[in-house]
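Undergrad: I'll drop the sequence and a predicted model, then ask my questions.
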Amino acid sequence: MNKKIIDELILTSNNLIIPSYMIKFYSLLNLDDYEFIILVYLLNRKDYVSFDINKISDDLYMEQAKVLDVISKLTEKKYISIEMKKNNGIIEEYISLDLFYSKIKLLLIENNTEEKNNDIYSLFEQELGRTLSPMEYETINNWLESSISQSLIKEALKEAVLNGVNNLRYIDKILFEWNKKGYKTREDIVSKKNNKDNDYIEEIYDYDWLNE
């Protein structure tokens with residue numbers, strides 16, 4: 001009998017779906033348990049949610065005072081905002097998730113950039129056949145922060161490997177020379193090579209590494 005009642009409750013309950021990004025970025029969002037629960041609830045309701053404390057309280061089996069407190073905290077943290085909208089001539093309050101979506105979008109972009117950067121570090125270690133030193137990590141990071149495209153950095157790495165050099169200072173000089181010539185992408189390098197212009201290699205070999 002008890003099992004039948006439980007089965008009926010499960011079938012008639014409105015289950016909440018937790019987006020994967022909520023789990024992935026949980027530690028970065030700085031949410032307590034109640035804030036997390038209400039955010040997930042709002043996300044399942046989609047876009048603008050009527051600011052109905054009674055309904056939220058009933059749906060989540062949470063005291064109204066607690067709901068109000070959590071909504072206030074989420075507003076202060078700029079995860080949600082309370083907006084006014086006209087519905088059939090009546091102005092009503094709604095909870096907007098636009099701020100939260102903007103934060104998630106920023107986190108996704110930062111995470112994607114970090115993953116790409118990690119890929120390039122791994123590529124260097126693979127091609128050079130050794131672990132990068134902290135100084136070399138910093139050098140690569142400086143290239144990225146200087147808006148040098150990853151495709152250009154990879155092409156410079158390829159150039160160094162083809163010439164049997166596993167020194168990042170050599171690669172840095174290649175990038176320096178390419179920058180002087182206005183090369184911004186891999187396509188610029190390929191185009192120049194097709195025109196048989198390899199002056200930059202001679203310049204690199206003439207570079208005095210000991211007395212730079």
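TA: Arrived safely. Numbers count the residues shown, from 1 in each chain.

Undergrad: OK, contacts around the nearest residue to residue 78 once chain neighbours are set aside?
TA: Counting by CB to CB, 6 or more residues apart in numbering, residue 78 lies nearest to residue 99, which is 5.2 Å off, once chain neighbours are set aside. C-beta: built from backbone N, CA, C; applies to glycine. Residues counted as contacts of residue 99 (CB atoms under 8 Å, 6 or more residues apart in numbering) are 78-81.

Undergrad: for residue 74, same thing?
TA: By CB under 8 Å, 6+ apart, residue 74 lies in contact with 35, 38-39, 80.

Undergrad: before we move on, the earlier item: which of the contacts of residue 99 sits closest to residue 174?
TA: Distances from residue 174 to these, taken as CB to CB, are shortest for residue 78 (44.6 Å).

Undergrad: Quick check: pLDDT value at the closest one.
TA: The model reports residue 78 with a pLDDT of 92.

Undergrad: do residue 147 as well
TA: According to the prediction, residue 147 has pLDDT 80.

Undergrad: what does residue 57 give?
TA: Looking at residue 57, the pLDDT reads 92.

Undergrad: how about low-confidence regions in the protein?
TA: Applying pLDDT under 70 to the chain flags residues 1-14, 47-48, 113-118, 190-212.

Undergrad: Please enumerate the helices of it.
TA: Remark: helices assigned in the chain by DSSP state H are 2-12, 20-24, 26-29, 33-45, 53-60, 64-76, 98-128, 134-145, 150-162, 168-180, 186-194, 199-205.

Undergrad: out of those helices, nearest to residue 88?
TA: Nearest of these to residue 88, taken as CB to CB: helix 53-60 at 18.3 Å.

Undergrad: Tell me how the protein divides into domains.
TA: The chain breaks down into these domains under automatic domain parsing: 2-96, 107-205.

Undergrad: From the chain's centroid, how far away is the last one?
TA: Read that as domain 107-205. Domain 107-205 sits 23 Å away from the centroid of its parent chain (CA atoms, centre = their mean, to the nearest Å).

Undergrad: just to revisit the earlier point, would you turn the helices of the chain into a markdown table with distance to residue 88?
TA: As requested, the helices of the chain are exported to a markdown table (distance: least, CB to CB, whole Å):
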| stretch | distance to residue 88 |
| --- | --- |
| helix 2-12 | 30 |
| helix 20-24 | 33 |
| helix 26-29 | 36 |
| helix 33-45 | 20 |
| helix 53-60 | 18 |
| helix 64-76 | 24 |
| helix 98-128 | 23 |
| helix 134-145 | 53 |
| helix 150-162 | 53 |
| helix 168-180 | 62 |
| helix 186-194 | 57 |
| helix 199-205 | 70 |
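
Undergrad: Cross-check the contact I'm expecting between residue 25 and residue 104.
TA: Yes - using CB atoms under 8 Å, residue 25 makes contact with residue 104 at a distance of 7.1 Å.
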